[in-house]
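*Asks:* Have a look at this prediction, sequence included:
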Amino acid sequence: MFVWRVALCRDPIGASRKAGRNAPLPWEISLLEKCVAKIETLPYARNENAFLRKRIHTFKEAAMIIKILIGACIGLFGGVASGFFGIGGGVVMVPAFMYFFAMDIKKAIGTSLLIIVPTAIVGATNYIRKGNVSWEMFLIVAAFAIVGGFVGSVVAQRLDSDLLARMFGGLLILVGILLIWQGPLNQFSPR
């Protein structure tokens with residue numbers, strides 16, 4: 001019985017299909033944590049078997065190390081993208097949180113927004129030092145962005161997560177198309 005349950009944990013395809021997913025995520029951290037929790041509840045894991053307890057402890061440590069490494073990569077890439085392209089970081093972080101950590105989009109957006117605050121402050125400081133900030137646009141846009149951020153967060157909390165994910169994906173596609181076509185369109189703009 002114990003071996004069969006451990007084998008189920010090692011089968012991410014079967015486990016992800018049982019969770020209702022079409023596309024399996026073999027390295028999904030939450031799946032790894034669920035397996036640890038499942039193994040700990042077994043009668044064999046509750047006895048005084050030191051070998052098994054050591055294995056479970058090692059398994060938990062490995063899951064935490066993987067989570068930290070993936071989180072560090074997401075943070076580094078999101079921070080570089082924020083400073084380099086001026087994006088909020090959510091373009092990178094929200095999909096990464098959903099994909100690697102199986103987060104609900106609402107939780108991924110909330111986590112990303114919280115991370116973006118210090119990232120934006122550090123990145124903006126470097127642009128301010130070099131004089132690359134339009135203070136006039138900052139004052140005009142920031143006031144309305146604060147109101148828009150509040151309204152957007154209230155509306156997002158009321159939407160279905162699947163619809164919100166589709167809307168987010170559509171926005172990313174639209175922005176990508178506009179950025180790709182910006183070059184050819186700029187030749188027609190007044191200078």
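*Replies:* On my side now, so go ahead. Numbering: from 1, shown residues only.

*Asks:* Could you list the low-pLDDT ranges of this protein?
*Replies:* 1-57, 183-191 (pLDDT under 70).

*Asks:* What residues sit buried inside the longest helix seen in the chain?
*Replies:* Counting by DSSP state H, the longest helix found in the chain is helix 50-85. Within helix 50-85, the residues scored as buried using 16 or more other CB atoms under 10 Å are 52, 56, 59, 63, 67, 70, 74-75, 78-79, 81-83. C-beta: built from backbone N, CA, C; applies to glycine.

*Asks:* what sits up against the helix or strand just after that helix?
*Replies:* For helix 50-85, the following helix or strand on the C-terminal side (DSSP states H and E) is helix 90-101. Helix 90-101 is contacted from outside by 25, 27-30, 67, 70, 74, 77-78, 81, 103-105, 107-109, 111-113, 115-116, 165, 168, 172, 175, using CB atoms under 8 Å, 6 or more residues apart in numbering.

*Asks:* Would you show me how to pick out the buried ones of these in ChimeraX?
*Replies:* A single ChimeraX command is used to select the members of those judged buried by 16+ other CB under 10 Å:
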select :25,28,29,67,70,74,78,81,103,105,108,109,111,112,113,115,116,165,168
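
*Asks:* Now that Y127 has come up, it's in contact with F138, right?
*Replies:* No. The criterion here is CB atoms under 8 Å, and Y127 misses it with F138 at 10.8 Å.

*Asks:* Distance check, the closest residue to A108 other than its chain neighbours against G71.
*Replies:* What sits nearest to A108 in space, not counting adjacent residues and going by CB to CB, 6 or more residues apart in numbering, is F97, at 3.8 Å. Using CB to CB, to the nearest Å, one gets 9 Å for the distance from F97 to G71.

*Asks:* Same question for F85.
*Replies:* 21 Å.

*Asks:* Kindly report the same for L172.
*Replies:* For L172 relative to G71 (CB to CB), the value is 21 Å.

*Asks:* Can you get me a residue count around M98?
*Replies:* 18 (other CB atoms under 10 Å).

*Asks:* if I look at it, how far off is A165?
*Replies:* 7 Å.

*Asks:* list residues touching both of the two?
*Replies:* With CB under 8 Å, 6+ apart as the test, M98 and A165 both reach I105.

*Asks:* What segments of this structure are helices?
*Replies:* Counting by DSSP H, the helices of the chain are 2-9, 12-18, 29-40, 43-46, 50-85, 90-101, 105-129, 135-158, 161-186.

*Asks:* Now do the contacts for the residue nearest to Q157 when sequence neighbours are not counted.
*Replies:* Leaving aside its chain neighbours, Q157 sits nearest to K106 (6.6 Å; criterion: CB to CB, 6+ apart). By CB under 8 Å, 6+ apart, the contact list for K106 reads A156, Q157, S161, L164.
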